[in-house]
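1. build me a model from this:
(chains A and B)
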Amino acid sequence: MPLAQTATTVPVIINKDLCIADKGCTVCVDVCPLDVLRIATTDDGDKTAYMKFDECWYCMPCEADCPTDAVTVNLPYLLK
Amino acid sequence: MTRQVLEQEYDIVVIGGGTAGPMAAIKAKERNRNLRVLLIDKANVKRSGAISMGMDGLNNAVIPGHATPEQYTKEITIANDGICDQAAVYRYAAECYGIIEELDSFGIRFQKDQNGEYDVKKVHHIGTYVLPMPNGDTVKKALYRQLRKARINIINRFMATRLLTGEGRVAGAICVNTRTSEFLVVRAKAVIMGLGAAGRLGLPTSGYLMGTYENPTNSGEGYSMAYHAGAGLANLECYQINPLIKDYNGPACAYVAGPMGGYTANAKGERFIECDYWSGQMMQEFFDELQGGKGPVFLKLNHLAEETVAEIERVLHIVERPTRGHFHAGRGTDYRKQMIEMHISEIGFCSGHSASGVFVDEHARTTIPGLYAAGDMANVPHNYMLGAFTNGAFAGLDAAEFIADVDFAAFDQGEVDAERTRVLAPTKRDDGIPPNQIEYKTRRLVNDYLQPPKVTAKMELAQQRFEEVRDDMEQGMYVRDAHELMRALEASSILDCADMAASASLYRTESRWGLYHNRVEYERNDEDWFCHTILTKGEDGKPAHAKRPVQPYVVEIAEDEKDAYYKQRVNSTVAAE
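-> Okay, the predicted model is just below:
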């Protein structure tokens, strides 16, 4: 059974210019209760946090604990 | 199968680092600093559990000068339809003030008046127990500092999947890493469970799996593990159903806005319930109004003064569920200008609201020696955050005593191998059904067939359909990585909870406690209803049931006080101001 890919908007948005994942920061990934964030390497070799899994409770530790205010938590579109 | 499994030994393992768990670990260590105590969490203890972002107040503070343990015990007994073992409630009421003072010393501040006294508010029918927490956003950080100070061993991102038992008592727990699928077997002389509510049972009406009232990490593992270990679970026919802001999963009114003059109203702006304190009876009135010609139901604040609304906003939008401000901004709704539409939540199990949980006594002991439970998953009614802290403390202290006289219980290594096979099965397939679809289907069926009002034929259909989903899960679930495996294990706990909910509801053939167990074909039956129901795992591997008498009251309830929570509906409707 093939697994389909379905597009979805994700609630957690990271400002790549402010994110300091390339300095080794993983605070948002660490604190997420649902473990939905990961660090990605971008095309130009930079690192940034991103939301990998659409399983957000929009509880906000990632936004509250980010040392550079790079994280914004929006409400998932389904209930917005 | 090779046995590449990490093994560790501790005196006490605490599963769940939210609220009850950290306090249990701290207290056990305080009793005996030489104990080896492990705190394990499937997320990160820094931000795990129901109070991830903090809490806006204590719902049930019994503070000398404002309330007495006797009065509180009486109130909670009445609020629970009289079906309440009072010993645990009374002990909580007598000792929670000490915990408040201890939390205060951790740096978690509570609202005080100009004289420096606790500024307690009245929300319940009879007594005064609600204590606001103006800096409640600091709770988890303050707790974490105490855990470090007490030198508690912490392991994050390991999910407990089954308890080990042997020699008639608990022997440890089997855990799996949520990022690597590495196994960890923890041998322990005592195990304390603080795994929260079963909050991912019903499906929110938005269809978004994680848009639940409870933190969706609280997916019922505590209930499922206790069940498979053979412990008794109480009152599972009573479901948690809460009045919430429609589409937003935050609570609406009672504890924050109520004392400041906010209330629940129908579409005409009329108050229809006397008291916004959550109970089964209140939820029935809420449900009736929602379905009736005067619905839907709204939170009404637009009659209040600007300063009052601003203060309500400050509390509601910063602590507990801080995205609430974003939600209203997105909808263009403003407490000052219009009433805010409300709805009822999906169903779940949570002791704080519906007394449905793993059976424990006043020492937080379950029916299995050495196994403890505290917080939302243990059946002490109206637990809430302070209850989780206080009963967590009881569990930690009692476990420290218990382990003084015992060694590790022997267990069957075959249990570990069998669990490893069960857990890893979805990783061994080449394709199949992803866990989110197993979960969605289970929870959609919960909504279709289990949500009250409850109908026998519908619940029996639910049981048939759950069996089909279970076959699909056991024979065909497929995961691609460790993260999906965590979701697969959660789907399995959710299905266990759905089975228990259906079975427990069918067993109690009378209505009780308003909407929580409204079986439309049956009236309340005064001959048979005055008891707890206890669910265990039967010989055939399916839920078995028994009735357990309510223990003799410690605090007597007068005849004319018993129905205080039944008089919910406003007699002559109060017109909008």
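2. below-threshold pLDDT in chain B: ranges please.
-> Chain B contains residues with pLDDT under 70 at B:1-4, B:253-254, B:571-577.
3. now do the helices in it.
-> In chain B, the helices defined using DSSP state H lie at B:20-31, B:69-79, B:86-106, B:139-149, B:221-229, B:280-291, B:306-318, B:324-331, B:351-354, B:384-402, B:413-424, B:435-445, B:456-476, B:482-507.
4. quick one: the longest one near chain A?
-> Yes. With CB under 8 Å from any CB of the partner chain as the criterion, chain A is reached by helix B:482-507 at B:483, B:486-487. In short, each C-beta sits where N, CA and C put it, glycine included.
5. which secondary structure elements does that helix sit against?
-> Helix B:482-507 sits against strand B:158-166, strand B:169-177, helix B:221-229, helix B:413-424, helix B:435-445, helix B:456-476, strand B:531-537, strand B:543-549, with contacts defined as 3 or more CB pairs under 8 Å, 6 or more residues apart in numbering or on different chains; DSSP states H and E.
6. so which of those gets nearest residue B:82?
-> strand B:531-537 (10.6 Å; CB to CB).
7. what's across from the closest residue to residue B:342 other than its chain neighbours in the sheet?
-> Leaving aside its sequence neighbours, residue B:342 sits nearest to residue B:297 (CB to CB, 6 or more residues apart in numbering or on different chains; 4.7 Å). On the basis of DSSP bridges, residue B:297 is bridged to residue B:266, residue B:342.
8. is it correct that residue A:9 is in contact with residue A:77?
-> Yes. If you go by CB atoms under 8 Å, residue A:9 and residue A:77 touch, sitting 5.2 Å apart.
9. any chance of the residues of helix B:482-507 next to chain A in a markdown table, with neighbour count too?
-> Output for the residues of helix B:482-507 next to chain A, formatted as a markdown table (neighbours: other CB atoms under 10 Å in any protein chain shown):
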| residue | neighbour count |
| --- | --- |
| B:483 | 20 |
| B:486 | 25 |
| B:487 | 23 |
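10. which residues of the stretch 151-300 of chain B lie near chain A?
-> So far as CB under 8 Å from any CB goes, the stretch 151-300 of chain B lies against chain A at B:157, B:178-179, B:204, B:206-212, B:215-217, B:247-249.
11. now, of those, which are buried?
-> Buried residues within those, defined by neighbour count using 16 or more other CB atoms under 10 Å in any protein chain shown: B:157, B:178, B:204, B:206, B:208-212, B:215-217, B:247-249.
12. buried sites along stretch B:268-280?
-> Going by neighbour count (16+ other CB under 10 Å), the buried part of stretch B:268-280 is B:270-280.
13. any idea which element the closest residue to residue A:66 other than its chain neighbours lies in?
-> Leaving out its chain neighbours, the residue that sits closest to residue A:66 by CB to CB, 6+ apart is residue A:28, at 5.6 Å. Using DSSP states H and E, residue A:28 maps to helix A:27-31.
14. contacting residues around that helix?
-> For helix A:27-31, the external contacting residues (CB atoms under 8 Å, 6 or more residues apart in numbering or on different chains) are A:14, A:35, A:37-39, A:49, A:61-62, A:65-67, A:71, B:44, B:46-47.
15. contacts for stretch B:277-292 next, please.
-> Applying CB under 8 Å, 6+ apart, the contact partners of stretch B:277-292 are B:79, B:81, B:123-125, B:238, B:241-243, B:254, B:258, B:264, B:266, B:272-273, B:275-276, B:295-297, B:343-344, B:353-354, B:452, B:512-518, B:565-566, B:568-569.
16. again, only using 7 Å
-> Stretch B:277-292 is contacted by residues B:79, B:123-125, B:241-243, B:254, B:266, B:272-273, B:295-297, B:344, B:353, B:513-516, B:518, B:565-566, B:568-569 when judged by CB atoms under 7 Å, 6 or more residues apart in numbering or on different chains.
17. list the beta-bridge partners for residue B:240.
-> residue B:348.
18. that one contacts residue B:357, doesn't it?
-> No. Contact criterion CB atoms under 7 Å: residue B:240 and residue B:357 do not qualify, at 10.2 Å.
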